[in-house]
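Engineer: Structure of the sequence below:
(2 chains)
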Amino acid sequence: MANDNDTKFEESLKGLAGTDRAKRAMPGPGVQTQDVEEHVSVTALREQFGDAVLRHEQHAGDEHVVFVKPERLREIVAWLKDEASQRYDLLKDVTCVDYGGGRPIQVLYELWSIPNRRQLRVKVELPLDGLEVDSVTPLFATANWHEREAYDMFGVTFRGHPDLRRILMPENYQEGHPLRKDFPLRGRFSRAEQTRRALALDMEDYYTPAELELRKRKGEATAEPGAQRSLPETAGQPGGARSVPGEEAQAGGGEDEA
Amino acid sequence: MGLEGRRDLPVLGSGKDGSPSFFTTKLDFIVNWSRRNSLWPMPFGTACCAIEMMASYAARFDMARFGMERMAFSPRQSDVLICAGRLPYKMAPIIRRIWDQMPQPKWAVSMGACASSGGVFDAYSMVQGIDTIIPVDVYVPGCPPRPEALIYGLLMIHEKIKGETVFGEEGKLLRAEDPARAGQAQLPAEVIDQVAVPFGNSTSQNRPSGMDGGRALERPRDRRP
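Structural biologist: Numbering: from 1, shown residues only, chains lettered A, B, ... in the order given. Predicted structure coming up:
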């Protein structure tokens, strides 16, 4: 009996790749949920935009999801926001879903209409070789950081975003986009390399108010989308990139001896 | 800092063979007594361990009993760095700079499983033990440790200070910090890779895509007597 358990345990360690269970567990995009109820806004969207509305799903009771064409997304969200009968005036969230296996990445926009007390989730599907969609930051200011997070974690580029930089990971992060399914859990570099890069980061380059003010004055606030700063190579010379802390400590040591 | 040079100086009152004399031992006692009874902590609370750290400073456990009533909140005026919680790589240069800014003598406490080893966060963003970044004197185990555990850890630092000497004896001197190593990792690269190898159940967390993670792994071995 113990042996049997051990075998089961070893099998479970191998994971579920390629089993029937794996296929069943993840319906993935494209599976139409049965019995979709009528949703006022989806009907209106179909009338207004026709082919741009791809399909309509319903999840978990009354969560309505409408898939639209990526190239008309901003137009559709703007219409949902401004149209007198819709008035989706609260953008609750912008994030992404990666189902893995080469399937397209979904970008979702969680909309809520305060006057109508109505929820609608707008989704677009982006193929892995064309991860680009229009930014909705001009419509909803709150999308600014949400889109930066989606860019940081999934690598989706939002066209027309005023300041598309990483928001969670450090500026000099070079390992890719961590929430993608093809990203290894421990990252792509060795722990030693990760530590070296982390310590090579000089946070004062990025976070001082003076620096931000300078950027604003120079008119650099509108960085081109997807722009990544390159990491100064410091492999050969330890601590080469940042000399300030070393000098500080040296000065402190001198005082101590005096 | 400074201690390197002082080691070679002829010290007033030491014995002819370099052994400690009555004068130096008494002076050491006074210096150590004053140091250990006025340790000012630099709280570096990043997660739930910080809640327990706050509890150990509050009325019930009251760390002021050990001369630690003053949280420094400035590395320039602190003696003990308490890293309470997990440390992401983004925070690694910050804790290293805080450590470099603290004046000698200084000690470090790694509080909790995550600070000591990375804990359950064997992930891309997490430092696998703060001892890869800064030197650590006492590791307090627990997830999070109770306030008693943190106090016990700090009392171990007291014990460590008792054994230190300002003059003479090799091996009992304070740890000398090399100012040239400011901003650099504490451990060499190969050791960091060595201490961060996957362990325990964490190997099975690295699942490729397309699988559900809904079912907990059965680990019958854990239940075997």
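
Engineer: what's the burial count for residue B:68?
Structural biologist: By other Cβ atoms under 10 Å in any protein chain shown, 22 other residues sit near residue B:68. In short, each C-beta sits where N, CA and C put it, glycine included.

Engineer: Residue A:102 contacts residue A:129, doesn't it?
Structural biologist: No. Under the criterion of Cβ atoms under 8 Å, residue A:102 makes no contact with residue A:129, lying 10.2 Å away.

Engineer: More neighbours: the two, which one.
Structural biologist: Between residue A:102 and residue A:129, residue A:102 has the larger neighbour count (other Cβ under 10 Å), namely 11 against 6.

Engineer: what's the more buried one in contact with, if anything?
Structural biologist: By Cβ atoms under 8 Å, 6 or more residues apart in numbering or on different chains, residue A:102 lies in contact with residue A:128.

Engineer: what about chain A, any weak spots by pLDDT?
Structural biologist: Scanning chain A for pLDDT under 70 picks out A:1-35, A:203-258.

Engineer: Now it against chain B: closest residue?
Structural biologist: Per Cβ to the nearest Cβ, residue A:100 is where chain A lies closest to chain B, at 2.4 Å.

Engineer: how many neighbours does that residue have?
Structural biologist: Counted with other Cβ under 10 Å, residue A:100 comes out at 16.

Engineer: Make sure it is indeed in a helix.
Structural biologist: No. Residue A:100: not assigned to a helix; according to DSSP: H, G, I helix; E, B strand; the rest coil it is coil.

Engineer: gap between it and residue A:76?
Structural biologist: In this view, residue A:100 and residue A:76 are 27 Å apart by Cβ to Cβ, to the nearest Å.

Engineer: quick one: residue A:51 is in a helix?
Structural biologist: Yes. Residue A:51 forms part of a helix when assessed by three-state DSSP.

Engineer: Surely the residue of chain A closest to chain B and residue A:182 touch.
Structural biologist: Yes. Under the criterion of Cβ under 8 Å, residue A:100 makes contact with residue A:182 at 7.2 Å.

Engineer: which stretches of chain B have low pLDDT?
Structural biologist: Using pLDDT under 70, the flagged stretches of chain B are B:1-20, B:167-173, B:198-225.

Engineer: just so I have it, where are all the strands in it?
Structural biologist: Here chain B has its strands, by DSSP state E, at B:41-45, B:80-84, B:107-111, B:138-140.

Engineer: Let me have the ones you listed in JSON lines, extended by distance to residue B:127 and mean neighbour count.
Structural biologist: Below are the strands of chain B laid out as JSON lines (distance: least, Cβ to Cβ, whole Å; neighbours: other Cβ atoms under 10 Å in any protein chain shown):
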{"stretch": "strand B:41-45", "distance to residue B:127": "12", "mean neighbour count": "21"}
{"stretch": "strand B:80-84", "distance to residue B:127": "10", "mean neighbour count": "27"}
{"stretch": "strand B:107-111", "distance to residue B:127": "11", "mean neighbour count": "27"}
{"stretch": "strand B:138-140", "distance to residue B:127": "14", "mean neighbour count": "22"}
